[in-house]
Each structure stands twice: as C-alpha cells, then as structure tokens.
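Novice: could you work out the structure for the sequence below:
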Amino acid sequence: MSFLSRRHFLKSSSLLGLGSMVLPEFNLMDFDASSAIGLQKPKKLASGDKIAVTAPGGAIWDQKDVLRFEQLLKSMGYLVVLGETLTKKKGYLAGTDEERSNELMSFFADPSIDGIIAMRGGWGCARLLDKLDYSVIQSNPKVLMGFSDITSLLNAIYIKTGLVTFHGLVGVNSWNEFSTDVFNRVVCNGETFSLPLDHLSTSYFVTLNKGKASGKLFGGNLSVISGLVGSPYFEIPENSILFLEETNEEPYVVDRLLTHLKLANVYEKLNGVVFGNCSRCLAENPMQSIQTIDVIREHFSELKIPVSYGSPIGHIASKWTLPIGIEVEMDAETGSLTLLESAVS
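Specialist: Below you'll find the model as predicted:
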C-alpha cells in the first residue's frame, strides 16, 4: 500500500477485529446500508466544479506531485482547493488526526466544493473514522475518491450515510488515458456500461470460479478491509460483489488476511468476488512459500460463487473507478464488470 506496508498496523487491528466479533450484541452480517439509510448519489462532476485535494492518511513528501496534480485538474476544467494537510507532517502522517479529520469535514461542509480527491493513501484514515460527523456528510453528499488506505473512508462513509463513494485514482497516480476515461464515464457522465479491460489485465486475467453474478459493489484494499472487520465502520451489505486488491505483502500475509475474512463470515453474503491486482506480493523465500495466486485460488475454490483475478484494480497504472454501493454484474469468465445503474445524480 503506497510506500508503507501495513503489516505492523494489521497485527493489532486484526486482533481487535477478532475480539469484537465475539460480542453477542454485534452482528456484522445484519446490515444493508442502502436499504437501512437510503442510497445517496453525489452530483456528477462537470467542468467548472471545485475539487478539494486532501491528505487524510499518509504525508506528502514531494510537493512537485501536488503541483502536477493541481495543474492536471485545472487542465480538465476544474477549480482546485489544496488542503493544508498536503504540507503537514507528523511522522508518516499528514498532520494530526484532528487536523486531517477537521479538514475532511470542512470540505464536506463547504457547499462550494463539489468533489474531494485524496492525494495519496499511506496509512492513517482508519484513525479518523470515530472523529467524523456522518450526519454532516450525509447532508452534504459529494464525490469522494481514492484507494488503498482511503478504503477506510470510502466504506465507512457508505455504511454510515448511504453515500456512493469512489474507489479510484489519487493525486499521485499517473491519470493515464485509460484511467481518466473510466473516471470521466463513471463520475462525470454517469454512464451504465461494462468497464473496459486494459492489455495488462487481459494478459493476467484468471477465472477462478466460472459464472455470472449481480449485486452491490463493495470492497477495496484487502489489508484495510481486514483491519476494519469487527468494527462499527464495516458491514457487509446483502448480496454484494466484493472487490479486493493488495500490494507489497507476502503470500502468507495475503493468506492470513483472507483467513480473517473467512473466520468473520464475510463471504456468507457475497454473490461474487472480483480480485484486482496483487502488485509485488512476492515471497522473500519462494522455495518455502506458496504463490499468491494459489493462495487466493485455495481460499475461493470452495465458494459456489463466481470469482476472478486480475481486473484493473489496485496499485497499478491503469485502473477502474469503482462506485461503492451501486448495482453491478460480473462475469468471471470474460472479466467484465458492468455498472447497472448510474453512480451519480
């Protein structure tokens, strides 16, 4: 996950998650955000809209990245507000928890801001979840986009408010033609369409379990998802299509994370699984390990639902923009993922 591996954080968060799961008054499987709260779709972005750029997690170490992203957004026709967290440092964090949460809340509360994009992931978003005012967010729906560590915010906000959030590009990404085109079609045009596959995904795509399935799209980074399990900020919506991605973790760590999800009964409400890219998930000692793809295959082979691996999701140059909370259909044989409804209003 962006230059910091989360395995040190995961050890403690996973234990907390497992401990929480045994509490009798809490059942993480009995929840459906869109039906309990009501699905909210943010307004589609258009030229002339104002986008705020923030760093809710890891610190930004090269201000040239910020300048480049600001210029890119302006070239796309947007007005840009740069958050103060983009220059703040508290070790690996972009300022204190209060500074980062206050900035995010101020951007949601500001009616002149139409969208919020994270500059990068890193680590730190989960530390903000109990500091956000979800009623304010619910009253001010707008586009929120990022991936990796931003997974915490995307899923918690959807769970607590019903707001569709977007797992996609961050400021430090290349915003190449493929990724930008998908972003525009999903967030700006509100299209219902089959997300395209790039040449890399076509080359590495693997069908693990054949079949088609439809359901509500939900997911993100595997480490982050696993760390949230058992908390009030993670619930599996009924009949979900779960998407996952990971980076810089050894196969045994991927195994541990997937085992955590299994023991927490996360798979029970899934209609299908779309696994993206596990970039640089290589064993330090290959002769004493199992390959990551084989770990994933072993975990999902017994599930009677469609499962695929290799979609353009994660820490790769070309990636999809995925709207969390909307209805989609997956085909594990062709690799297609079709948005069945518009993600924006």
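Novice: what sits against residue 239?
Specialist: By CB atoms under 8 Å, 6 or more residues apart in numbering, the residues touching residue 239 are 215, 216, 269, 271. No exception for glycine: its C-beta is placed from N, CA and C like everyone else's.
Novice: which of those scores worst on pLDDT?
Specialist: When the contacts of residue 239 are compared on pLDDT, residue 269 comes out lowest, with 91.
Novice: for the stretch 151-300 of the chain, just list every one of the helices.
Specialist: When assigned using DSSP state H, counting those that start in this stretch, the helices of the stretch 151-300 of the chain occupy the ranges 151-161, 177-183, 199-204, 222-228, 251-263, 292-300.
Novice: same deal with the stretch 1-150 of the chain?
Specialist: Under the criterion DSSP H, counting those that start in this stretch, helices of the stretch 1-150 of the chain are mapped to 7-21, 33, 63-75, 97-109, 134-139.
Novice: where's the last one relative to the chain centroid, distance-wise?
Specialist: The reference is to helix 134-139. On the basis of CA atoms, centre = their mean, to the nearest Å, helix 134-139 sits 20 Å off its chain's mean C-alpha point.
Novice: how about the CA coordinates for that helix, as PDB?
Specialist: Once side chains and other backbone atoms are set aside, the C-alpha atoms of helix 134-139 remain, and they are given as PDB (Å, rounded to 0.1, in the frame of the first residue of the first chain):
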ATOM      1  CA  TYR A 134     -21.500  11.400   9.500                       C
ATOM      2  CA  SER A 135     -24.700  13.500   9.700                       C
ATOM      3  CA  VAL A 136     -22.900  16.400   8.100                       C
ATOM      4  CA  ILE A 137     -21.500  14.200   5.400                       C
ATOM      5  CA  GLN A 138     -25.000  12.700   4.800                       C
ATOM      6  CA  SER A 139     -26.400  16.200   4.500                       C
END
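Novice: list the buried residues for it?
Specialist: Residues of helix 134-139 classed as buried under the neighbour-count rule (16 or more other CB atoms under 10 Å) are 134, 137, 138.
Novice: got a list of what the second one touches?
Specialist: By that I understand residue 137. With contact set as CB under 8 Å, 6+ apart, residue 137 has these partners: 105, 108, 157, 160, 161, 163.
Novice: repeat for residue 323
Specialist: For residue 323, the residues meeting the contact criterion (CB under 8 Å, 6+ apart) are 164, 165, 166, 167, 186, 217, 339, 343.
Novice: what secondary structure does it sit in?
Specialist: Secondary structure for residue 323, judged by DSSP: H, G, I helix; E, B strand; the rest coil, is strand.
Novice: with adjacent residues omitted, what lies nearest to it?
Specialist: On the basis of CB to CB, 6 or more residues apart in numbering, the spatially nearest residue to residue 323 that is not a chain neighbour turns out to be residue 343, at 3.4 Å.
Novice: so who does that neighbour touch?
Specialist: 41, 164, 166, 186, 187, 190, 323, 326.
Novice: now with 7 Å, please.
Specialist: With contacts defined as CB atoms under 7 Å, 6 or more residues apart in numbering, residue 343 is in contact with 41, 164, 186, 190, 323, 326.
Novice: keep only those of these that are in strands.
Specialist: Of the positions in the contacts of residue 343, residue 323 sit in strands, assigned by DSSP state E.
Novice: reformat the contacts of residue 343 as a markdown table; add pLDDT and distance to residue 197.
Specialist: Written out in a markdown table, the entries for those read as follows (pLDDT from 0 to 100; distance: CB to CB, whole Å):
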| residue | pLDDT | distance to residue 197 |
| --- | --- | --- |
| 41 | 98 | 26 |
| 164 | 98 | 23 |
| 186 | 98 | 15 |
| 190 | 98 | 21 |
| 323 | 98 | 18 |
| 326 | 97 | 20 |
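Novice: and the contacts of residue 343, which are buried?
Specialist: Buried residues within these, defined by neighbour count using 16+ other CB under 10 Å: 41, 164, 186, 190, 323, 326.
Novice: pretty sure the first one contacts residue 345?
Specialist: Yes - using CB atoms under 7 Å, residue 41 is in contact with residue 345, at 4.4 Å.
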